[in-house]
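> quick one: sequence and predicted model below, then my questions.
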Amino acid sequence: MNQFKSHSLLFVFGITLLMSACTSRPSSTTDADSFYTVADYRTVPKTDVHVHVFTESNDFVDIARDNNFRLVNVALDPRNKASIVRKQMDYCEIQKKNNPSVIETITSFSMEGWDEPGWLQNNLAWLDSCFNRGAIGVKIWKNIGMSFRDKNGKLIMIDDPGFDPIFRMLTEKKIPVLGHLGEPKNCWLPIEEMTTNNDRSYFTEHPQYHMYQHPDFPTYEEQIAARDKVLEKNPNLTFVGAHMGSLEWSVDELAKRLDKFPNMSIDLAARMGQVFYQTIHEREKVREFFIKYQDRILYATDLSADGEESKEALKQSLEGAWMRDWQYFVTDDTLTSPLVNESYQGIKLPREVVDKIYFKNAQRWLGVFKDEASTASLHGK
């Protein structure tokens with residue numbers, strides 16, 4: 001869990017500071033009809049489709065509910081241990097049982113036992129059991145392609161034929177895949193050449209994933225190509241590219257993939273720094289991308305909780321990130337963030353675009369929160 005908390009800590013700055021930094025402009029009637037404001041934040045139903053809540057504590061969900069957020073809780077395979085994935089699923093099930101209208105679950109499978117004859121059958125059975133327990137999707141983590149090796153020392157990539165039966169099963173069952181495959185392009189650069197502070201921090205703290213230090217591993221381009229081969233082989237697979245599909249550095253490159261793969265969408269988890277960085281240099285291009293691909297983008301953060309943090313610290317982390325991003329999407333104010341070193345201007349998206357990114361696309365791509373109770377504001381408004 002600690003590797004996820006390093007991302008979250010970067011988001012810890014208070015809402016009071018954010019609000020005082022914002023220079024609000026009075027809105028005309030037309031503006032009010034067409035755009036949200038900072039003041040609308042708590043009244044608008046929203047989803048964060050990529051969080052990691054691995055605790056029995058209800059603090060994370062309580063804070064989300066107060067901010068009018070629904071959540072998708074995501075399991076993963078961080079150490080190639082099936083027992084860890086199963087423990088995470090237990091926590092996911094507890095959270096879902098305690099908060100049935102507020103949180104959903106994406107499960108995962110483990111690479112443990114890959115070289116054993118029963119690996120495939122065991123994981124197909126495991127995934128079926130997760131769907132029976134209410135899981136709505138499957139997460140694939142970056143260990144596939146970036147760390148896991150078979151008994152002969154071969155690094156296993158996601159386009160390995162051994163995964164084909166899993167993708168066929170998920171396609172047939174219409175189960176979406178949340179794919180964290182590869183890493184940000186910064187991962188292949190020296191620390192001092194990275195474009196965002198959150199990447200500099202993460203790869204300093206996790207040198208095992210800093211590919212610049214591991215030239216014997218596949219290149220960035222090879223990671224993306226392996227992912228693309230999977231989508232080419234499985235054109236009907238519903239695929240959500242976690243972390244902007246590891247194409248966070250270029251909205252142009254993202255657009256090419258979204259045009260090529262009609263069943264691909266992306267989440268924004270832990271990549272808003274990359275969005276801000278591009279906005280500094282090409283704001284209008286970024287804004288046009290969000291408007292053009294408004295049906296293909298899901299709001300997400302990658303925030304986490306393991307029960308060790310205080311509720312107040314967790315509240316600052318969650319609300320700091322959520323409110324920072326809301327300001328960016330709904331205003332054209334000049335903003336700052338510790339994720340990047342220069343100020344940037346919000347892209348002030350129309351209401352209908354914001355509604356899709358924050359809620360409707362989660363319904364469309366993940367099939368979640370479609371009932372009347374879930375669609376209504378958690379504040380009863």
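That came through, no problem.
> which parts of the stretch 1-150 of the chain are helices?
With DSSP state H, counting those that start in this stretch as the criterion, the stretch 1-150 of the chain has helices at 2-9, 15-21, 29-34, 59-66, 82-98, 119-132, 143-146.
> what's the shortest one packed up against?
Applying 3 or more C-beta pairs under 8 Å, 6 or more residues apart in numbering; DSSP states H and E, one finds that helix 143-146 contacts helix 220-233. Where you see a C-beta, it was placed from the backbone N, CA and C, and this is true even at glycine.
> and if we set it to 6 Å?
Using 3 or more C-beta pairs under 6 Å, 6 or more residues apart in numbering; DSSP states H and E as the contact definition, helix 143-146 packs against no other helix or strand.
> dump that helix to CSV, restricted to CA.
C-alpha atoms of helix 143-146 as CSV (Å, rounded to 0.1, in the frame of the first residue of the first chain):
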residue,chain,number,x,y,z
ASN,A,143,3.9,-6.1,-12.8
ILE,A,144,2.9,-7.8,-16.1
GLY,A,145,5.6,-6.3,-18.4
MET,A,146,7.6,-4.5,-15.7
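> show me what contacts residue 81?
Residue 81 is in contact with residue 112, counting by C-beta atoms under 6 Å, 6 or more residues apart in numbering.
> isn't residue 340 right up against residue 276?
Yes. If you go by C-beta atoms under 6 Å, residue 340 and residue 276 touch, sitting 4.8 Å apart.
> who has more neighbours out of the two?
With neighbours defined as other C-beta atoms under 10 Å, residue 340 and residue 276 compare such that residue 276 has more, 25 against 22.
> could you measure from the more buried one over to residue 142?
23 Å (C-beta to C-beta, to the nearest Å).
> in stretch 230-243, what counts as buried?
Buried positions in stretch 230-243, judged by neighbour count with 16 or more other C-beta atoms under 10 Å: 230, 231, 234, 237, 238, 239, 240, 241, 242, 243.
> now do that stretch, average pLDDT.
Computed over stretch 230-243, the mean pLDDT rounds to 98.
> returning to what we had before: would you turn the buried residues of stretch 230-243 into CSV with distance to residue 219?
Compiled in CSV, these are given as follows (distance: C-beta to C-beta, whole Å):
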residue, distance to residue 219
230, 17
231, 19
234, 23
237, 24
238, 28
239, 22
240, 24
241, 18
242, 20
243, 18
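> in strands, which of these fall?
Judged by DSSP state E, the subset of the buried residues of stretch 230-243 located in strands is 239, 240, 241.
> list the contacts for the second one?
With contacts defined as C-beta under 6 Å, 6+ apart, the neighbours of residue 240 are 176, 178, 265, 267, 365.
> rerun that using 7 Å as the cut-off
Listed by C-beta atoms under 7 Å, 6 or more residues apart in numbering, the contact set of residue 240 reads 176, 177, 178, 265, 266, 267, 298, 365.
> most neighbours among the residues you listed, which one?
Using other C-beta under 10 Å as the neighbour criterion, residue 267 leads these with 31 neighbours.
> not counting sequence-adjacent ones, nearest residue to it?
Spatial nearest neighbour of residue 267, chain neighbours left out: residue 300 (3.8 Å); criterion: C-beta to C-beta, 6 or more residues apart in numbering.
> tell me the SS of that neighbour?
When classified by DSSP: H, G, I helix; E, B strand; the rest coil, residue 300 comes out as coil.
> contact partners for it?
By C-beta under 7 Å, 6+ apart, the contact set of residue 300 is 48, 49, 50, 267, 268, 269.
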